[in-house]
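*Asks:* this is the structure alone, sequence omitted:
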């Protein structure tokens, strides 16, 4: 599948947050293997589950996650094919860590039918640039533990986080806590 010439990436504003913003977004992922931490070491295990957002979850992301992010000075980048939001990434505008070195990349998702064409990579690079402009030293990512998601982040140069954000780790105990040095 070749992406169309009318594919654009732009920053979202509060005006973009219509209830049906994620109407065409397909958050489907069939996971067959995932990383689990055992005895302070990550092990790839046969764990099957499906990630899929229903309309309620999509609405929650738009009206709560996106709204809070933008309202608090964060940045949401949206990837559009025509007027359909098909990818997004969120940088939360709240520094943390022992030296306030981290900003969180809280979401980076690409609609199922648009994966593996470089859109996620492009969003990641742009998020790094934004975090650098805000004087962050590292991006913090509480990332899905699936084999594919972890491969994406490792390929970008992400590693296990030197400092764990306990609130984020407790919220999603199976996520891998990662960082990327900017």
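*Replies:* Ah, there it is. Here the structure is a predicted model, which is why all the values come from computation and not from measurement.
*Asks:* please count neighbours and contacts with C-alpha atoms only from this point.
*Replies:* Fine.
*Asks:* strands along the protein, start to end?
*Replies:* 7-11, 28-38, 41-52, 75-81, 84-96, 102-110, 138-143, 159-160, 176-181 (DSSP state E).
*Asks:* ranking those by mean neighbour count, which comes first?
*Replies:* Across the strands of the chain, averaging neighbours per residue (mean count of other CA atoms under 10 Å) puts strand 138-143 on top, at a mean of 25.
*Asks:* can you list contacts of that strand?
*Replies:* Contacts with strand 138-143, where a contact means CA atoms under 8 Å, 6 or more residues apart in numbering, come from 101-106, 128, 131, 149-150, 161, 168-169, 172, 175-182.
*Asks:* angle of that strand against strand 176-181?
*Replies:* 160 degrees (axes from the mean of the first three to the mean of the last three CA atoms, to 10 degrees).
*Asks:* each with direction, which strands does strand 138-143 pair with?
*Replies:* Partner strands and pairing direction for strand 138-143 (DSSP bridges) are strand 102-110 (parallel), strand 176-181 (antiparallel).
*Asks:* quick one: closest of the ones you listed to residue 14.
*Replies:* Of all those, strand 102-110 sits nearest to residue 14, with 17.2 Å by CA to CA.
*Asks:* mean confidence (pLDDT) on the closest one, please.
*Replies:* Averaging pLDDT along strand 102-110 yields 97.
*Asks:* quick check: the residue located most distally from the centre of the chain vs residue 60, distance?
*Replies:* The centre of the chain is farthest from one residue, residue 39, which by CA atoms, centre = their mean lies 26.9 Å away. As for residue 39, its distance to residue 60 is 35 Å (criterion: CA to CA, to the nearest Å).
*Asks:* again, but for residue 20
*Replies:* 11 Å.
*Asks:* could you do residue 122 as well?
*Replies:* 25 Å.
*Asks:* next: residue 37.
*Replies:* 29 Å.
*Asks:* any weak-confidence spans in the chain?
*Replies:* 1-6 (pLDDT under 70).
*Asks:* starting at the chain centroid, how far to stretch 106-120?
*Replies:* 9 Å (CA atoms, centre = their mean, to the nearest Å).
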